[in-house]
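Colleague: model the structure of this input:
(chains A and B)
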Amino acid sequence: MITLQHIFYLVGALFAAWALLSLSDRSNPKRIGNAIFWGLVALSLLAGHLIGDFANGLLVLALSAIAAFKWMGRGKPSTSDAERAAAGERHGNRLFVPILIVLLTAVIGTLLYLYTPLNRTGLLEPGRETFILLCLGVVLAIAFIFIWLKPPALAPLDEGRRLIDAVGWAAILPLMLAALGLVLRDTGVGQTIGTLMLTVIPEGTILPAVIAFGVGMAIFTILTGNAFAAFPVMATAIGVPVLILNYGGDPAVVGAIGMLAGFCGTLMTPMAANFNLVPAALLELKDEYGVVKAQIGTAIPLLLVNILLIYFLAF
Amino acid sequence: MNAYLPLLGLLVLVLGFALRFNPMLVVPVAALTTGLLAGLDPAEIIGMLGKAFNDSRVIIIPWVVLPVIGLLERYGLQQRARAVISGFQAATAGRLLILYLLYRQIISAIGLHSTAGHPQTVRPLVAPMAVAAAEGQGELDEETSDKVKAYAAATDNVGLFFGEDIFFAIGSIVLIQQVLEGYDIRLTPLELAVWAIPTAIAAFIIHSTRLLLLDRHLARRAAGRPS
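Modeller: Numbering: from 1, shown residues only, chains lettered A, B, ... in the order given. Model prediction:
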């Protein structure tokens, strides 16, 4: 069976290659920092399951030190914008084919595997099919490009490194935040906030409790960057005891839409780095908070709608 | 140990972000503050950080598409994506992104949420196409072009968040189910997933409206300056 660990080996090898290429990139004055950073990410992917929690923790601290002391830089791309535009003219719409190979392998592959007798073969780890097929799509697309355009052998690694360098340490910030979320949960910070919120809701009326639940989901998500961390807290504090047990709200509505109220918080916080800071780096925006700013106008009205939906559908 | 003391860790976090310190520094400092104030010893906290980091490695996997995207960019993919959109007179940044929003919500709702995303679709296709469409609506400065790109990323997020919960076999649905089961409230994933539909529709309406407003903003900008 192909498991997630095999995928970690593949992606780990990719990061290891990026580390080695960084080392030999004379155009980047901080190449040693990049090499160590991507090397540590490779180590985590290749051997994170073997080295134990404490060693993984040291690895996390080392990554954050490299980022915090600005020991990472960027090399220069090997082709200019003008050359790229000319190449785009020459190759035409066929350039979209490899992207389609990646997307279709993932989409159609997952559907075929899940909904035909193929899944009885047990070839792919359950729940991880799309990730595995995404990697397969990448391999097929690169093979296609090599047959069609015959790039230099190291070109896919080199061009990939150009992009991962543009993202920099933000590429692994989401993992750091996930780690912080766990510490917040295990130290009882969530429960404390829930208890505090209960003291401000007036008793005997439904709407203030619904508002406290929805807004609490959003605020706790803004603080932790993850609605998954917020849900157990707010459900334990308000959702279950007050809305469901005391006022008889429909648990399916309170649970499902409560989580979505949390997602409105995700749209408004730099803590959700994966969605909000990483794309700003990937798209090379001047303002690192540009994506959050573009989302606030959607998140606030939608939070309001979610609160009203809980109020009218659950009671 | 006072139960309110660990909350200072959150304060470190919020202040750190507000004062724009490097998040990679703020996060471990906030974790250490919270842990120490809750009475854990440093080695324990480092172990917790390591375990959680290791358990979240699946987040790294989508970067695997970068060699394909980078290679295609070398042969002019972004320029080509722009050229295709410039050929459509009716294309506007807002309309294009509304179309992508719908696509993103639908593929997420059928469980294929990780087939699209910022590295997979936004950087190579959606952002350059949206910028090209906006260029067709009037000349762009860097600030406006960044704004259009930010909206492209935002549209991906909105489509993902408010599509994926309609798919019943997703992490958040399982989490809701488990938390409620702790109180002897038993629900099937499907019973929960249907209640994601009203919010999905609302998200589509609200975000589409904002995308149309983006179009209007671009049009006003174009009209405001002599060309």
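Colleague: need the residue closest to the centroid of chain A.
Modeller: Geometric centre of chain A, nearest residue: A:Asn274, 3.9 Å, by CA atoms, centre = their mean.
Colleague: list the contacts for the nearest residue to it once chain neighbours are set aside?
Modeller: Spatial nearest neighbour of A:Asn274, chain neighbours left out: A:Pro174 (3.7 Å); criterion: CB to CB, 6 or more residues apart in numbering or on different chains. From N, CA and C alone the C-beta is placed, and that goes for glycine too. By CB atoms under 8 Å, 6 or more residues apart in numbering or on different chains, the contact list for A:Pro174 reads A:Ala272, A:Ala273, A:Asn274, A:Val278, B:Ser56, B:Ile59.
Colleague: closest one of the residues you listed to A:Pro151?
Modeller: A:Val278 (26.7 Å; CB to CB).
Colleague: circling back: just the ones in helices from the contacts of A:Pro174, please.
Modeller: Using DSSP state H, the subset of the contacts of A:Pro174 located in helices is A:Ala273, A:Asn274, A:Val278.
Colleague: what does the model give the closest residue to B:Ala203 other than its chain neighbours for pLDDT?
Modeller: In space, and not counting its chain neighbours, B:Ala203 is closest to B:Phe162: 3.6 Å by CB to CB, 6+ apart. At B:Phe162, the model reports a pLDDT of 97.
Colleague: B:Phe162 belongs to a helix?
Modeller: Yes - remark: B:Phe162 belongs to a helix, assigned using DSSP: H, G, I helix; E, B strand; the rest coil.
Colleague: who's in contact with it?
Modeller: B:Phe162 makes contact with A:Leu260, A:Phe263, A:Leu302, B:Gln105, B:Ala196, B:Thr199, B:Ala200, B:Ala203, B:Phe204 under the criterion CB under 8 Å, 6+ apart.
Colleague: how about a cut-off of 7 Å?
Modeller: Residues near B:Phe162 by CB atoms under 7 Å, 6 or more residues apart in numbering or on different chains: A:Leu260, A:Phe263, B:Gln105, B:Thr199, B:Ala200, B:Ala203.
Colleague: ok, and the most crowded of the residues you listed?
Modeller: A:Phe263 (30 neighbours; other CB atoms under 10 Å in any protein chain shown).
Colleague: for the nearest residue to that one once chain neighbours are set aside, grab the count of nearby residues.
Modeller: Distances taken as CB to CB, 6+ apart put B:Phe161 closest to A:Phe263, at 4.3 Å, once the chain neighbours are dropped. For B:Phe161, the neighbour count with other CB under 10 Å is 29.
Colleague: low-scoring stretches of chain B, by residue?
Modeller: B:1, B:168-169, B:225-227 (pLDDT under 70).
Colleague: now it against chain A: closest residue?
Modeller: Distances between chain B and chain A by CB to the nearest CB are smallest at B:Gly76, namely 2.4 Å.
Colleague: which strand or helix spans the closest residue to chain B within the stretch 101-250 of chain A?
Modeller: With CB to the nearest CB as the measure, A:Glu159 is the residue of the stretch 101-250 of chain A nearest to chain B, at 2.8 Å. Under the criterion of DSSP states H and E, A:Glu159 resides in helix A:155-167.
Colleague: give me the mean pLDDT for the next helix or strand after that helix.
Modeller: Proceeding N to C from helix A:155-167, the next assigned helix or strand is helix A:173-186, under DSSP H and E. Averaging pLDDT along helix A:173-186 gives 77.
Colleague: next up, the contacts around B:Ala3.
Modeller: A:Gly188, A:Thr192.
Colleague: ok, now with 6 Å
Modeller: Contacts for B:Ala3 (CB atoms under 6 Å, 6 or more residues apart in numbering or on different chains) come out as A:Thr192.
Colleague: the one 3 residues further on too?
Modeller: By CB under 6 Å, 6+ apart, the contact set of B:Pro6 is A:Thr187, A:Val189, B:Thr34, B:Leu37, B:Ala38.
Colleague: for residue 13, pull up the helix or strand it's in.
Modeller: Defaulting to chain A. Assigned by DSSP H and E, A:Ala13 falls in helix A:4-23.
Colleague: wrong one, I was asking about chain B
Modeller: Counting by DSSP H and E, B:Leu13 is found in helix B:7-18.
Colleague: list the buried residues for that helix?
Modeller: By neighbour count on 16 or more other CB atoms under 10 Å in any protein chain shown, the buried set for helix B:7-18 is B:Leu7, B:Gly9, B:Leu10, B:Val12, B:Leu13, B:Gly16, B:Phe17.
Colleague: and stretch A:17-26, how far out from the chain's middle?
Modeller: 25 Å (CA atoms, centre = their mean, to the nearest Å).
Colleague: okay, the nearest residue to A:Ile101 once chain neighbours are set aside: pLDDT?
Modeller: Closest residue in space to A:Ile101, ignoring its immediate chain neighbours: A:Ala141 at 4.4 Å, by CB to CB, 6+ apart. In the predicted model, A:Ala141 carries a pLDDT score of 96.
Colleague: list the buried residues of stretch A:103-112.
Modeller: For stretch A:103-112, by 16+ other CB under 10 Å, it's A:Leu103, A:Thr105, A:Ala106, A:Val107, A:Gly109, A:Thr110, A:Leu111.
Colleague: do the same with stretch B:112-128
Modeller: B:112-128.
Colleague: mind checking which of these are in helices?
Modeller: Checking the buried residues of stretch B:112-128 against DSSP H, those in helices are B:Ala127, B:Pro128.
Colleague: show me what contacts B:Gly94?
Modeller: Taking CB under 6 Å, 6+ apart, one finds B:Leu211, B:Leu212, B:Leu214, B:Asp215 in contact with B:Gly94.
Colleague: any of the residues you listed buried? List them.
Modeller: Buried among the contacts of B:Gly94 by 16+ other CB under 10 Å: B:Leu211, B:Leu214, B:Asp215.
Colleague: got the CA coordinates for stretch B:138-151 in PDB?
Modeller: Below are the C-alpha coordinates for stretch B:138-151, written out as PDB (Å, rounded to 0.1, in the frame of the first residue of the first chain):
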ATOM      1  CA  GLY B 138      -8.000  50.000 -17.500                       C
ATOM      2  CA  GLU B 139      -4.300  50.600 -16.900                       C
ATOM      3  CA  LEU B 140      -3.000  49.100 -13.500                       C
ATOM      4  CA  ASP B 141      -0.500  50.500 -11.100                       C
ATOM      5  CA  GLU B 142       1.300  48.000  -8.800                       C
ATOM      6  CA  GLU B 143      -1.000  48.700  -5.800                       C
ATOM      7  CA  THR B 144      -4.100  47.900  -7.800                       C
ATOM      8  CA  SER B 145      -2.600  44.800  -9.400                       C
ATOM      9  CA  ASP B 146      -1.600  43.600  -5.900                       C
ATOM     10  CA  LYS B 147      -5.200  44.200  -4.800                       C
ATOM     11  CA  VAL B 148      -6.500  42.100  -7.700                       C
ATOM     12  CA  LYS B 149      -4.000  39.300  -6.800                       C
ATOM     13  CA  ALA B 150      -5.100  39.500  -3.100                       C
ATOM     14  CA  TYR B 151      -8.700  39.100  -4.200                       C
END
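Colleague: now check that stretch, is it near chain A?
Modeller: Yes - interface with chain A: stretch B:138-151 contributes B:Asp146, B:Lys149, B:Ala150, B:Tyr151 (CB under 6 Å from any CB of the partner chain).
Colleague: all set now, cheers.
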